[in-house]
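Trainee: Structure here, sequence nowhere to be found:
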RNA sequence: GCGGAUAUGGCGGAACUGGCAGACGCGCUAGACUUAGGAUCUAGUGGGAGACCGUGCAGGUUCGAUUCCUGUUAUCCGCACCA
């Protein structure tokens, strides 16, 4: 009896061996393949089987590429700055530097259990001064390029996290991290001018091999729209009010105007009669939280008592205030055409404002409108000189016409806002700026970076809008790098995204003390070929990373402008009934016990077998028995047959090539769950075959190599048992010979009216008439009606159509 | 409200460009080997006694539909007054 499969022994053995003799080596000749995992935040809870999934997927892919002859860059690191780490530290009463270091140690141990190809020599940690030196350096470069600026403005404030948030971090009016309702707070903030890159961020999505879903989310987030700004004079006043519209074709139908309550002119437009109501409306709006404002379905508003003049036809239009107009989009003021806009229609109906139809629907004017006609197609009516034009044409032409007439201009607008970059928290990169009373904002000189985060005892958030760093007077008080006068340091820190926006560049040159990354190394090893992680970063991290990459490209640090060529979003592993795994729900499955009982190889395989990698899957421990049995059966197959020197039959050769073909194709389609079931199926076939006539060594070897990316320890062990002294990962990926896959006979279903009645074996090259004759013979007793038609699809189907 | 995804046995899931629905696995049933087995092996396993019926539901196209078209329902995700 051959040696039984002992996962503990062989996994230990090969891990030690690979440590000594790495299987992935850069010989300078191989092409590189950079396969990256989204690096984890070192949480105190450790990893669960859901985290494993992504890492297994990326490692299988890496090892597959390795077997295809690439040099693999497959690094791992730690996104250790930021709120979660700080909140955890506060909860545990430990300094974040200490708890972070502990968590890294624990998670690194767990990650090593995956036996991934990680090159720990490349490891980065965003809290390491040698790393954040460059995070700060990028900020200084952005400041010098005019992309980082300070601004006092009402920003999103999370009262629970006690810090400002970027727009991207507000989800449904709530904090993306903790779910608390976000309020507004007036604070002086550092901002990054990501809007400067809006067009490029949008256009370059076309270049990317990313899921359409993610591209669409980014497209919507950037939210580009074309239209016109139109200047309206205000009756009896000096001021003009500029509105933004995407439908300048409907200008004749504008019957009122609405300003956001926060609009600079809002209060001043009130007359003595309306002043009280207007002030109250403005005040009430300012008290409403984001959530209330979004949830209030019913439109509210107040008439200012003042009229604007439609510049096109001189009509008097009342100016209203309403919070359905957003202060920070467009100009904060809109012209309202109730006949052709749903929101304006609702508002006009509620407040009895006239509705003037300017586009004919189906060639006609509607008698009593019950809803707005929003399509930009139809002939213009009631539109002065524009009457008779086609609205879709006019929509494009109108901005230029308005521009010529001198009361407006063609414009483009974006939903994307500049990035609020300051956090009023301790655990982040200090923003390397000195505030000098004479020189203003002065960046810390590049040769003085990193600006170290001072060690403190009190790092809890203050909640006042000031960072805890503000209390450390000996750190805050400094001298101006420019004029030498006494000055103060910026006390806000950067958001967690700062480090994660560029970390993937650092992996390829992580020890470089002089540069962020050496240009030659970057040219050779970057960008990332495959990026694997959860879809939750579709907008945040992925948009920021693209922005950073474009900027670093602009200043010549790197020669490419998109960081991640291909993106794969793996689905989440959930507990029973699709409930997200969490400590509080008590449904977390730890990989540690499973690795102990079944081995790393079994768990790797099972992580893939649970379901399609891009979909969420419910975890069920029991299923792992199936893959464990498969490994045992395969192990025994190889061990029992490796020394029997059976000559390959035609059928063995055919099945072998078919297997290589199937597995390779499924792998390339990223259909990893069916790769595993495919292995099981072929294994069953080979076991049957081995019992009857034995099995040839080449087939066993081929399967060992194909399995190597999935169950590396077992494959390596069996490869050596099959008589090789070098690693299985040097074997090269097998190639399928399609000619060797051809079957001489095929099973063909014989149907009557599309219902299968029998199955016959036919020669693959049989002609149609002979095939149909053979098919009819097999179902002779059922051929009772009039045969109307006979169909033969070679190798698949014979269909006899009867009446 | 808008946009996207999903829907197949007791369960997870297969099915290439329309061509034998339920591969593979879990679970279950029976048997074998065993002192014993939650170990292993063998056989079976969508429903129905049957002709037949079966891929969320209702239609359509086709010799033939899980696959294509129209409508519809449910669940999940994203966006949500962006003028």
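Mentor: Okay, I see it. This one's a predicted model, so the numbers in the text were calculated from it and none came from an experiment.
Trainee: Pull the residues that contact the helix or strand hosting residue A:675.
Mentor: Here residue A:675, judged by DSSP states H and E, is contained in helix A:672-693. The contact list for helix A:672-693 (Cβ atoms under 8 Å, 6 or more residues apart in numbering) reads A:57, A:60, A:605, A:608-613, A:627, A:630, A:633-634, A:637, A:640-641, A:646, A:649, A:651-652, A:655, A:659, A:662-663, A:666-667, A:695, A:699-700, A:703, A:706-707, A:710. Quick note: C-beta positions are derived from backbone N, CA and C, even for glycine.
Trainee: In helices, which of those fall?
Mentor: Of the positions in these, A:57, A:60, A:605, A:608-609, A:627, A:630, A:633-634, A:637, A:640-641, A:651-652, A:655, A:659, A:662-663, A:666-667, A:699-700, A:703, A:706-707 sit in helices, assigned by DSSP state H.
Trainee: So which of those residues reach RNA strand B?
Mentor: A:609, A:627, A:630, A:633 (Cβ under 7 Å from any atom of the strand).
Trainee: what sits against the closest residue to the second one other than its chain neighbours?
Mentor: Pointing back at residue A:627 there. Sequence neighbours aside, residue A:605 is the residue nearest to residue A:627 in space, at 4.3 Å (criterion: Cβ to Cβ, 6 or more residues apart in numbering). Counting by Cβ under 8 Å, 6+ apart, residue A:605 touches A:627, A:630-631, A:676, A:710-711.
Trainee: Lowest average confidence across helices and strands of chain A, where is it?
Mentor: Here the helix or strand of chain A ranked lowest by mean pLDDT, DSSP states H and E is helix A:290-295, holding a mean of 62.
Trainee: Give the next helix or strand downstream of it.
Mentor: Moving toward the C-terminus from helix A:290-295, the next helix or strand (DSSP H and E) is strand A:302-309.
Trainee: And the average pLDDT for that following strand is what?
Mentor: Strand A:302-309 carries an average pLDDT of 95.
Trainee: is it true that residue A:34 touches residue A:526?
Mentor: Yes - here residue A:34 reaches residue A:526: they are 6.8 Å apart, a contact under Cβ atoms under 8 Å.
Trainee: about what we covered before: close to RNA strand B, is the helix holding residue A:675?
Mentor: Yes - Helix A:672-693 reaches RNA strand B (Cβ under 7 Å from any atom of the strand) through A:673-674, A:676-677, A:680-681, A:684, A:687.
Trainee: Give me every residue in the stretch 651-800 of chain A lying close to RNA strand B.
Mentor: Residues of the stretch 651-800 of chain A lying near RNA strand B (Cβ under 7 Å from any atom of the strand): A:671, A:673-674, A:676-677, A:680-681, A:684, A:687, A:747, A:749, A:751, A:753-756, A:759, A:789, A:791, A:793, A:796-797, A:799.
Trainee: Filter those down to the buried ones.
Mentor: A:671, A:673-674, A:676, A:680, A:687, A:749, A:751, A:797, A:799 (16 or more other Cβ atoms under 10 Å).
Trainee: from those, which two are the most distant?
Mentor: A:687 and A:799 (35.6 Å; Cβ to Cβ).
Trainee: Centre-most residue in chain A?
Mentor: Central residue of chain A (Cα atoms, centre = their mean): residue A:538, 2.6 Å from the mean position.
Trainee: For that residue, grab phi and psi.
Mentor: Main-chain torsions, residue A:538, degrees, to the nearest 10: phi -50, psi -40.
Trainee: Would you agree it is in contact with residue A:216?
Mentor: No - counting by Cβ under 8 Å, residue A:216 is not a contact partner of residue A:538; they are 9.2 Å apart.
Trainee: one step back: Throw together a PyMOL command that grabs the buried residues out of the ones in helices among the contacts of helix A:672-693.
Mentor: Of these, the buried ones go into a single PyMOL selection, burial set by 16+ other Cβ under 10 Å:
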select buried, chain A and resi 57+60+605+608+609+627+630+633+634+637+640+641+652+655+659+662+663+666+667+699+700+703+706+707
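Trainee: Now do the closest residue to residue A:130 other than its chain neighbours, the pLDDT please.
Mentor: Taking Cβ to Cβ, 6+ apart as the measure, residue A:130 lies nearest to residue A:513, with 7.1 Å between them; neighbours along the chain are not counted. Residue A:513 carries a pLDDT score of 94 in this model.
Trainee: Close to RNA strand B: what parts of the stretch 401-550 of chain A are there?
Mentor: A:413, A:415, A:535, A:539.
Trainee: so the third one makes contact with residue A:216?
Mentor: No - because the distance of 11.9 Å does not satisfy Cβ under 8 Å, residue A:535 is recorded as not touching residue A:216.
Trainee: Can you pull out the low-pLDDT segments for chain A?
Mentor: A:1-2, A:289-297 (pLDDT under 70).
Trainee: related to what we said a few turns ago, please say which of residue A:535 and residue A:216 ends up with more neighbours.
Mentor: A count of neighbours by other Cβ atoms under 10 Å puts residue A:535 above the other of residue A:535 and residue A:216, at 17 against 13.
Trainee: Pull the contacting residues for the spatially closest residue to that one that is not a sequence neighbour.
Mentor: Of all residues beyond its chain neighbours, the one nearest residue A:535 is residue A:569 (4.1 Å), with distances taken as Cβ to Cβ, 6+ apart. Contact analysis of residue A:569 by Cβ under 8 Å, 6+ apart lists A:211, A:213-214, A:532-535, A:538, A:614.
Trainee: For residue A:569, name its beta-bridge partners.
Mentor: Legend: beta-bridge partners of residue A:569 under DSSP bridges are residue A:533.
Trainee: Roughly how far does it sit from residue A:27?
Mentor: Noted for residue A:569: a distance of 33 Å to residue A:27, by Cβ to Cβ, to the nearest Å.
Trainee: now residue A:520
Mentor: For residue A:520, the distance to residue A:27 - Cβ to Cβ - is 18 Å.
Trainee: Compare those two and say which is more crowded by neighbours.
Mentor: Neighbour comparison, residue A:520 and residue A:27: the larger count goes to residue A:520, with 9 against 6 (by other Cβ under 10 Å).
Trainee: any idea which helix or strand carries the more buried one?
Mentor: Assigned by DSSP H and E, residue A:520 belongs to helix A:519-525.
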